[in-house]
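A.B. asks: dropping the sequence and predicted coords here.
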Amino acid sequence: MSGLTVLVKAVAILAGLAVLGGFAGKWYPVGDSLAVFRVEFTVICALAIIWSTWPKLIRWGVTVLCLGILAVHVFNAMPSGQSGGDLTLYQQNLLFNRGDKGAGAIDVVRQRLPDFVTFQEVSVTNRPILDALRPDYPSQHLCPLGDDLGEAVLSSHPKIAGSEFCSTRDGLAGMQVQTPFGPIWVVSVHLSWPWPKGQAHQVTQILPHLERLDGQIVIAGDFNAVAWSHTLSQMQTVSGTKRIGPYMVSFYLPMVGLPIGIDHVLTSLDTSNTVTRLDISGSDHHGLWASFSRSIHD
């Protein structure tokens, strides 16, 4: 057996194990880290196993399985839903050390005038954004963490007094607002990276806050987790929400530039509307634009 043959088989086995490991986030936090790269690992596994010397039944059987996984992801990345809605939301990780002093985010909000805004990495540097938007968004709630981090929720609709809350540690800011279609909880989320970082522990701490919310809910933010992760599944189950919109790239990993989708919108609203991606507007994350149809409240 040549060295190249051994290498190809080793790559196929390792990539295949990485794909399988990405389904194990429920039991091991490292699973959600592997899930981030599921598409890449699947492509590598398929290419390597095709060029291996294993029997055809094994080679083509595994290849077809890999193609099936890729097909599911391609299908879920296709745009769907309507473009308009009675209620709208703008989601943006602001980037704590942005250089434009928030001008890009302010421009987007003033041009589009969403009903709700969810921000993450609201730092001392970019916090003036909140004051600049206060005339149009008097209902605001900020959960700061030091100088560099914090989550914020803004609404053009009045907030319900006493509804504001922050999680016991960084990661969650929420308040309930009164809209023409009834009260809605609006929550801004910022999670840390999965293993080897502390995302799993952080999620365990913030789930009780989501579990106690009653009525209609909209949750948006930088989850640092992909749409098919166990983290997203947990948060949807506990909050009674569902992720909306196609799979889409919202961030590029530093140094390697790998495109990943880690910013999401979850809602309990039964909606056929969707989420679209906006420009980065001075951040390192793309903004998201979500719309919700009036019929969901009837």
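C.D. replies: Looks like it arrived, so ask away. Since we're looking at a predicted model, the values are computed, not measured. Numbering: from 1, shown residues only.
A.B. asks: flag the shaky bits of the stretch 101-250 of the chain, pLDDT-wise.
C.D. replies: Scanning the stretch 101-250 of the chain for pLDDT under 70 picks out 169.
A.B. asks: repeat that with 80
C.D. replies: 101, 146-148, 168-170 (pLDDT under 80).
A.B. asks: ranges for the strands of it?
C.D. replies: Assignment of strands within the stretch 101-250 of the chain using DSSP state E, counting those that start in this stretch yields the ranges 116-120, 139-145, 149-155, 165-166, 172-179, 182-190, 216-222, 242-244.
A.B. asks: partner strands of the last one, with direction?
C.D. replies: Put plainly, it is strand 242-244. Neighbouring strands of strand 242-244 in its sheet, by DSSP bridges, are strand 263-267 (antiparallel).
A.B. asks: what is the mean pLDDT for the strand it pairs with?
C.D. replies: Averaging the model's pLDDT scores along strand 263-267 yields 96.
A.B. asks: quick revisit: which one of the strands of the stretch 101-250 of the chain lies nearest to His230?
C.D. replies: His230 lies closest to strand 242-244 among the strands of the stretch 101-250 of the chain, at 13.1 Å (Cβ to Cβ). To be clear about C-beta, it is placed using only N, CA and C from the backbone, and glycine gets the same treatment.
A.B. asks: what's in contact with the helix or strand following the closest one?
C.D. replies: Per DSSP states H and E, the first helix or strand lying C-terminal to strand 242-244 is strand 251-252. With Cβ atoms under 8 Å, 6 or more residues apart in numbering as the test, strand 251-252 has contacts from Asp222, Leu258, Pro259, Ile260, Gly261, Ile262, Asp263, Asp284, His285, His286.
A.B. asks: repeat that with 10 Å
C.D. replies: By Cβ atoms under 10 Å, 6 or more residues apart in numbering, the surrounding residues in contact with strand 251-252 are 93, 222, 224, 258-263, 280, 283-286.
A.B. asks: between the residues you listed, which sits nearest Glu40?
C.D. replies: Closest to Glu40 out of the contacts of strand 251-252 is Leu258 (7.4 Å), distances taken as Cβ to Cβ.
A.B. asks: looking at the strands of the stretch 101-250 of the chain, which is closest to Phe23?
C.D. replies: It is, among the strands of the stretch 101-250 of the chain and with distance given as Cβ to Cβ, strand 242-244, at 17.5 Å.
A.B. asks: show me where the protein has its helices.
C.D. replies: 3-21, 30-35, 38-50, 56-76, 103-112, 128-133, 199-211, 230-239 (DSSP state H).
A.B. asks: could you dump the fifth one to PDB, C-alpha only?
C.D. replies: Written as PDB, here are the backbone C-alpha positions of helix 103-112 (Å, rounded to 0.1, in the frame of the first residue of the first chain):
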ATOM      1  CA  ALA A 103     -22.200  55.700  11.500                       C
ATOM      2  CA  GLY A 104     -22.900  52.600   9.400                       C
ATOM      3  CA  ALA A 105     -25.400  51.000  11.800                       C
ATOM      4  CA  ILE A 106     -27.100  54.300  12.400                       C
ATOM      5  CA  ASP A 107     -27.500  54.900   8.700                       C
ATOM      6  CA  VAL A 108     -29.100  51.400   8.200                       C
ATOM      7  CA  VAL A 109     -31.600  51.900  11.100                       C
ATOM      8  CA  ARG A 110     -32.600  55.400  10.000                       C
ATOM      9  CA  GLN A 111     -33.000  54.400   6.400                       C
ATOM     10  CA  ARG A 112     -35.000  51.300   7.100                       C
END
